[in-house]
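Asks: sequence unknown, structure follows:
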Ligand SMILES: *[C@@H]1O[C@H](CO)[C@@H](O)[C@H](O)[C@H]1NC(C)=O
Ligand SMILES: *[C@@H]1O[C@H](CO)[C@@H](O)[C@H](O)[C@H]1NC(C)=O
Ligand SMILES: *[C@@H]1O[C@H](CO)[C@@H](O)[C@H](O)[C@H]1NC(C)=O
């Protein structure tokens, strides 16, 4: 009699634990989020190869290197009375496929699962030809022409997106990203520096490397990464359903429920 009472109490206690697990839903939700993050990591690792080769079937252009159209950049510095116009001819960006996924987290959000990614680019290089003219105080004229190279090191791209569910499938509407860390070094080779001002001019050009990277190249890189990683991930998510990530019940819940049932049966 006493033994039976004890068994019922144990059964009720175990059943309550199992119910608590179901109500909180945390173990399976957490497991699912880890599985989703893992799926994203694997997809993006597979993406590198496609960035180098491009793929016509999925309308993916080659993204490493990314060819850019020529563009002009001008710098006018009022107080110093310095101005410079520079043309960058057909630069190309290499190194985008050599990224490292340093942190990918998926958490429950109001609107779906929130995805946060940190992507490290150890070495991005932009090379091409330049042609620069300028003057100081509208009087000393400066000119340079040759090859340029901008090297951006340890750039970290922080990207955010929301995984929405459409027809039992995850879907990303857009990814927004910004560069949050990194260093930039520019080099302009110049055989045409004029007289004493050549040193100053080359310093101005190097300083410009930073501006050009921040103002002209970062937007090109973030736009390409946002658009193509979004398409790529949507393709990957199209191959599975949300049920592949969410088990109907986690193993620990199953075990607890079975224990409760067998305790009652005894
Ligand atoms: C850059 O400026 C030069 C001189 O003003 C002009 O001839 C050229 O078409 C411009 N290039 C671009 C890509 O805007
Ligand atoms: C990864 O990112 C998440 C959310 O942005 C953050 O809470 C966590 O501390 C990061 N982990 C590492 C190892 O940086
Ligand atoms: C969802 O599936 C239904 C039935 O297969 C289809 O008609 C509908 O277009 C789908 N919705 C979206 C947004 O793909």
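Replies: Received it, and whenever you're ready, just let me know what you need. Remember, predicted model here, so these are calculated numbers, not experimental data. Ligands and ions are numbered 1, 2, ... in the order given.

Asks: which residues touch the residue in the stretch 51-200 of the chain that ligand 2 sits nearest to?
Replies: Residue nearest to ligand 2 within the stretch 51-200 of the chain: residue 103 (3.7 Å; C-beta to the nearest ligand atom). For the C-beta atoms, the positions are set from N, CA and C on the backbone; glycine is no exception. When contacts are counted by C-beta atoms under 8 Å, 6 or more residues apart in numbering, residue 103 is found next to 116, 117, 118.

Asks: try residue 86
Replies: Residue 86 sits next to 72, 73, 74, 75, 130, 131, 132, 133, 205, 208 when contact means C-beta under 8 Å, 6+ apart.

Asks: returning to that earlier point: adjacent strands (with direction) for the helix or strand harbouring the residue of the stretch 51-200 of the chain closest to ligand 2?
Replies: In this structure, residue 103 is located in strand 100-108 according to DSSP states H and E. In the sheet containing strand 100-108, the strands it pairs with under DSSP bridges are strand 113-136 (antiparallel).

Asks: in its sheet, what does the following helix or strand past the partner strand sit against?
Replies: Downstream of strand 113-136, the first helix or strand assigned by DSSP H and E is strand 140-166. The partner list of strand 140-166 in its sheet, established with DSSP bridges, is strand 113-136 (antiparallel), strand 169-188 (antiparallel).

Asks: may I see those strands organised as JSON lines, with distance to ligand 2 added?
Replies: Listed next are the strands paired with strand 140-166 as JSON lines, based on distance: least, C-beta to the nearest ligand atom, whole Å:
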{"stretch": "strand 113-136", "distance to ligand 2": "4"}
{"stretch": "strand 169-188", "distance to ligand 2": "11"}
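
Asks: deepest of these, which one?
Replies: Neighbour counts averaged per stretch over the strands paired with strand 140-166 are highest for strand 113-136, at a mean of 19; criterion: mean count of other C-beta atoms under 10 Å.

Asks: now that one: mean pLDDT?
Replies: Across strand 113-136, pLDDT averages out at 93.

Asks: for residue 107, which non-adjacent residue is spatially closest?
Replies: Distances taken as C-beta to C-beta, 6 or more residues apart in numbering put residue 114 closest to residue 107, at 5.1 Å, once the chain neighbours are dropped.

Asks: mind checking how far the one you found is from residue 212?
Replies: Shown here: residue 114 relative to residue 212, a distance of 33 Å by C-beta to C-beta, to the nearest Å.

Asks: equivalent analysis for residue 69, please.
Replies: For residue 69, the distance to residue 212 equals 14 Å [C-beta to C-beta].

Asks: more neighbours: the two, which one.
Replies: Neighbour totals were compared for residue 69 and residue 212, and residue 212 leads with 24 against 9 (other C-beta atoms under 10 Å).

Asks: next up, the contacts around the closest residue to the more buried one other than its chain neighbours.
Replies: In space, and not counting its chain neighbours, residue 212 is closest to residue 73: 5.6 Å by C-beta to C-beta, 6+ apart. Under the criterion of C-beta under 8 Å, 6+ apart, the contact list for residue 73 reads 85, 86, 88, 208, 211, 212, 215, 216.

Asks: relative to ligand 2, how far out is whichever residue of the stretch 151-266 of the chain sits closest to ligand 1?
Replies: Closest contact between the stretch 151-266 of the chain and ligand 1, by C-beta to the nearest ligand atom, is at residue 216 (11.5 Å). According to C-beta to the nearest ligand atom, to the nearest Å, residue 216 stands 29 Å off from ligand 2.

Asks: that residue: neighbouring residues, count only.
Replies: Residues near residue 216, counting by other C-beta under 10 Å, number 17.

Asks: for residue 158, same thing?
Replies: Taking other C-beta under 10 Å as the criterion, the count of residues near residue 158 is 15.

Asks: ditto for residue 215
Replies: With neighbours defined by other C-beta under 10 Å, the count for residue 215 comes to 10.

Asks: and it, backbone torsions?
Replies: Backbone torsions of residue 215, given as degrees, to the nearest 10, read phi -90, psi -30.

Asks: next up, the contacts around it.
Replies: By C-beta under 8 Å, 6+ apart, residue 215 lies in contact with residue 73.
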